[in-house]
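> just coords:
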């Protein structure tokens, strides 16, 4: 009898934990620290978690995050391998090198469980874009695909999930080195919003800049039109993530629904979780969708 295929992911997929339970996707959790107090990434399990998190940011407290080490991956993977073959999708390597620890853990467990298959897939994504990829792969798994077919599909789709985003507060991007200090200062003074995306390796690239949120939303949606082969007829998944800026997020969703009429009522809005928000801070809106394979250009 063929082994069951387990699909797992990480809390930085930033989709509700209840959703992963419903889809039978085990999750390994990141953690973060504020004032030497450690907290587990929440995924919507505590409705007050993000409110308290942003309150801490308003008070000037700076969160810190850490990788998942190989021993935690080993414990998590081993639990799954007792139930079947495992395909684990990780937070993108352009955001964190944690995936390298996952590779090491998988290598060690292959020796311990020679009759099991285990694969680690670099998502090259983060936040709800990571979640969108996980949902796409889960759909393919649910069609009865084999282990090898799912692995190949996940690798292909990891490069087809696009992330377009902008931020009205670059302080945290500056702190994490994603945007230079001078650029962040000038942007703040002039009300300039850099337009960013994740390239094919999952690294943040600021490729344009506009003045004001309205123009940032328009540019983001126009870029979607350019990248999606079906253009305005696109009817695939579209997830929008935001970090404590729901009004900007809703305006973006409205513009997308007007531009892509087949998405009306289908756009999913999610909070960017504690881990990713520790690096982008408040004020970020990110749009995720499926298009041609990512390149360095957009």
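Nice, I can see it. Quick caveat, the model's predicted, so the values are computed rather than measured.
> give the bridge partners for the closest residue to residue 287 other than its chain neighbours, please.
Distances taken as CB to CB, 6 or more residues apart in numbering put residue 164 closest to residue 287, at 4.8 Å, once the chain neighbours are dropped. Yep, even glycine has a C-beta here, placed from its N, CA and C like the rest. With DSSP bridges as the criterion, the beta-bridge partners of residue 164 are residue 197, residue 287.
> burial of residue 164, as a residue count?
A count of neighbours around residue 164, defined by other CB atoms under 10 Å, yields 24.
> any idea how far residue 144 is from residue 290?
21 Å (CB to CB, to the nearest Å).
> for residue 47, grab the count of nearby residues.
Neighbour count of residue 47, defined by other CB under 10 Å: 8.
> SS state for it?
The three-state label given to residue 47 by DSSP: H, G, I helix; E, B strand; the rest coil is coil.
> contacting residues around residue 149?
If a contact means CB atoms under 8 Å, 6 or more residues apart in numbering, then residue 149 has residue 140 as its contacts.
> and the contacts of the host helix or strand of residue 75?
With elements taken from DSSP states H and E, the one containing residue 75 is helix 70-81. Contacts made with helix 70-81 from outside it, assessed by CB under 8 Å, 6+ apart, are listed as 6, 8, 26, 28, 86, 88, 101-102, 104-106, 108-109, 112-113, 116, 118.
> which of these are buried?
Burial by neighbour count, 16 or more other CB atoms under 10 Å: within those this picks out 6, 8, 26, 28, 86, 88, 101-102, 104-106, 109, 113, 116, 118.
> mind listing what residue 129 touches?
Contacts of residue 129 were listed using CB under 8 Å, 6+ apart, and they are 161-163, 198, 239, 241, 286, 288.
> next one: residue 245
Neighbours of residue 245 in contact, by CB under 8 Å, 6+ apart: 168, 282-285.
> quick one: which of residue 144 and residue 290 has more around it?
The residue with more neighbours, out of residue 144 and residue 290 and counting by other CB under 10 Å, is residue 290; that gives 18 against 8.
> surely the more buried one is in contact with residue 237?
Yes - judged on CB atoms under 8 Å, residue 290 makes contact with residue 237 at a distance of 6.2 Å.
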